[in-house]
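[1] structure of the sequence below:
(2 chains)
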Amino acid sequence: MLWTKTFIPTLKETPQEAESISHKLSLRAGLIRMLMAGAYSYLPLGLKVLNNIQRIIREEMNACNASEVLLPALQPMELWQKTGRDKDIGEVMIRFTDRRGRKICLGPTHEEIITDLVKNHVSSYKQLPLILYQIQTKFRDEIRPRFGLIRACEFLMKDAYSFDKDRAGLDINYKAMFKAYNRIFTRCGLKFLTTEADSGVMGGGVSHEYMVPAKDGEDIVLFCPECKSAKAFSRPAIESEAGSRIAGKEGNQETCLKCGRSYEKKNTIEVAHIFKLGTKYSARLGANFLDASGKLQPIIMGCYGIGVSRLIQAIIEQNNDKDGIIWPKEIAPYKVIILSLDVTDEKIRNLSFKLHEELKERGIEALLDDRDERAGVKFKDADLLGIPLQVIIGKGSLKDNTVELKVRGSGEKIIKPKADTLKEIENLLNG
RNA sequence: CGGGGCGUGGCUCAGUUUGGCUAGAGCGCUUGGUUCGGGACUAAGAGGUCGACAGUUCAAAUCUGUCCGCCCCGACCA
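    Next up is the predicted model:
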């Protein structure tokens, strides 16, 4: 892709609206723009990142024999009244009445909808287990949207639902999802913790949260440095510039239950939450099946959510330096950026375009900075965007018949004979 | 919703305390010249209902009131 043909509005200064690092960098690198509080537009670079995250999620979900569906955002209120969650969820749900007087809401989550769907088509134990998932926009009228994509009123979620004939089946699927999630977040370049958590409004029994340690994270986790166990913490402790402040309820468990060590508090971003739902939804909505002995049973369910759009910023929180973003390889919007330092020089220009084509032929997506800008501007923007590998084409490389590469993460600069360019790029990307 | 902060060209901000001439600067944008490997210099330009409405006043970006928007802290959550 040519820079001049796409839309990458980078900013030299941080817009007033941003406070957290990831929010600032998302705006500065031209990934997103705010339309209103809690609603963001994804620009070309942001969308590419979002798509890469989705690709990883799909690969790992499909590997668990989960099948992708896409459910409506428009939902009838009746279904929510049947489970009683219309009251539990309350004001967070965006509701309205259509022209025919139907009571409608914009889906904040989809347990009711998926259960209703499965109810009509699963009637035998022979059809179980079943895992369905979707990547879809959720709507929540959040009390306080904040930190850009971290807490938005319209956001992208991956939600998976497992349907089993017994508890043992649920345990198997739950474990499979747990492992899949570990792979997903590792591939996203994240360091993360898992905690046992409250299931809250979702209901059911066991649940785990995936928490990404980040300076500006909203959630506090108690982490045991000894046995590496972690625990959700309901009392937030915010380190502010004015000093540390503690608010909320007292009397929480301060030492590790397993080894007695004192917990460390970590600020984190919750990127996923998985639940063993049991029969809460199936029983209330009548999603039953006939077991091997011909007895009617409610389907045993689990649900598994990932905050997809939120992940963009969670990843940035853990992968940045003073110059900008440092994308993990699988997430990067482009693998390579070619800095054509002087596009008015025909030789430099031709060499840059030629490399761009050659990379394309090899299936390597590169961004070619073909703007008529000074070198300094291109260096700064390339660092800001965080594309893993920079190929710098200027007078120097032309003269010596060499190519100059810079690895964004390490800052390492590599000079190689021009003939080895493609080989070296492939080595660096695969290494 | 409660507490705090902010709102002035696309972006960052000055000016508001103490009302006073055609509302400023930097960045960005357009055109020319000089530059050209880490966000250049220079000249000439374009671009603003000073968040909105109402009020006070000879006179309002500036004072008063109401409303709206955005950010931060709390309850909520992927």
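
[2] going forward, measure contacts and count neighbours with C-alpha atoms only.
    Will do.

[3] the helices in the stretch 51-200 of chain A, which residues?
    A:77-83, A:85-89, A:111-119, A:167-187 (DSSP state H, counting those that start in this stretch).

[4] quick check: which of the ones you listed is nearest to RNA strand B?
    Taking Cα to the nearest atom of the strand, helix A:85-89 is the member of those nearest to RNA strand B, at 7.3 Å.

[5] who touches that closest one?
    By Cα atoms under 8 Å, 6 or more residues apart in numbering, the residues outside helix A:85-89 that reach it are A:77, A:80-81, A:93, A:201.

[6] who in the stretch 51-200 of chain A is up against RNA strand B?
    By Cα under 7 Å from any atom of the strand, the part of the stretch 51-200 of chain A that sits against RNA strand B consists of A:92, A:140, A:142-153, A:155-157, A:200.

[7] wait, a helix at residue A:14?
    No. With DSSP: H, G, I helix; E, B strand; the rest coil as the criterion, residue A:14 is assigned coil and is not in a helix.

[8] separation between the closest residue to it other than its chain neighbours and residue A:147?
    Closest residue to residue A:14 apart from its sequence neighbours, by Cα to Cα, 6 or more residues apart in numbering: residue A:24 at 6.0 Å. Going from residue A:24 to residue A:147 by Cα to Cα, to the nearest Å gives 9 Å.

[9] and what of residue A:99?
    36 Å.

[10] which of those two has more neighbours?
    Legend: neighbour count by other Cα atoms under 10 Å for residue A:99 and residue A:147, higher for residue A:147 (23 against 7).

[11] show me the shaky parts of chain A.
    A:198-204, A:233-250, A:252-253 (pLDDT under 70).

[12] apply 80 and report the result again.
    By pLDDT under 80, the low-scoring segments of chain A are A:197-205, A:231-250, A:252-258.

[13] could you point out which element follows the longest strand anywhere in it?
    Assignment by DSSP state E gives strand A:264-278 as the longest strand of chain A. The helix or strand immediately downstream of strand A:264-278 is helix A:280-285, counting by DSSP states H and E.

[14] would you confirm that the residue nearest to residue A:14 contacts residue A:16?
    No. Residue A:24 is not in contact with residue A:16 according to Cα atoms under 8 Å; the separation is 9.1 Å.

[15] these two: which is more packed in?
    residue A:24 (21 against 7).

[16] ok, back up a step: any chance of a markdown table for the helices of the stretch 51-200 of chain A, columns mean neighbour count?
    As requested, these are exported to a markdown table (neighbours: other Cα atoms under 10 Å):
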| stretch | mean neighbour count |
| --- | --- |
| helix A:77-83 | 16 |
| helix A:85-89 | 14 |
| helix A:111-119 | 19 |
| helix A:167-187 | 17 |
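
[17] residue A:389 is nearest to which of those helices?
    helix A:167-187 (18.1 Å; Cα to Cα).

[18] can you name every helix or strand that that closest one contacts?
    Other elements packing on helix A:167-187 under the criterion 3 or more Cα pairs under 8 Å, 6 or more residues apart in numbering; DSSP states H and E are helix A:44-63, strand A:154-164, strand A:264-278, strand A:300-307.

[19] now do it and strand A:264-278, the angle between them.
    140 degrees (axes from the mean of the first three to the mean of the last three Cα atoms, to 10 degrees).

[20] who touches helix A:167-187?
    A:56-57, A:60-61, A:64, A:129, A:162-164, A:191-192, A:274, A:276, A:278, A:300-302, A:304, A:330.

[21] try stretch A:290-297
    A:123-125, A:165, A:288-289.

[22] reformat those as TSV; add distance to residue A:208 and neighbour count.
    Shown next, in TSV, are the contacts of stretch A:290-297 (distance: Cα to Cα, whole Å; neighbours: other Cα atoms under 10 Å):
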residue	distance to residue A:208	neighbour count
A:123	30	18
A:124	30	17
A:125	27	20
A:165	22	24
A:288	26	23
A:289	28	24
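
[23] and the strand or helix carrying residue A:347, anywhere near RNA strand B?
    Secondary structure assignment for residue A:347, by DSSP H and E: helix A:346-361. No. Counting by Cα under 7 Å from any atom of the strand, RNA strand B has no neighbours in helix A:346-361; the shortest distance is 9.4 Å.

[24] any idea how far the helix or strand immediately after that helix in the chain is from the middle of the chain?
    Past helix A:346-361, further along toward the C-terminus, the next helix or strand under DSSP H and E is strand A:366-369. Relative to its chain's centre, strand A:366-369 lies at 25 Å (Cα atoms, centre = their mean, to the nearest Å).

[25] quick one: residue A:309 from RNA strand B, how far?
    Look at residue A:309 and RNA strand B: by Cα to the nearest atom of the strand, to the nearest Å, they are 6 Å apart.

[26] before we move on, what SS does that residue have?
    Put simply, residue A:309 is helix when judged by three-state DSSP.

[27] and it, what does it touch?
    Residues near residue A:309 by Cα under 8 Å, 6+ apart: A:50, A:149-150, A:155-157.
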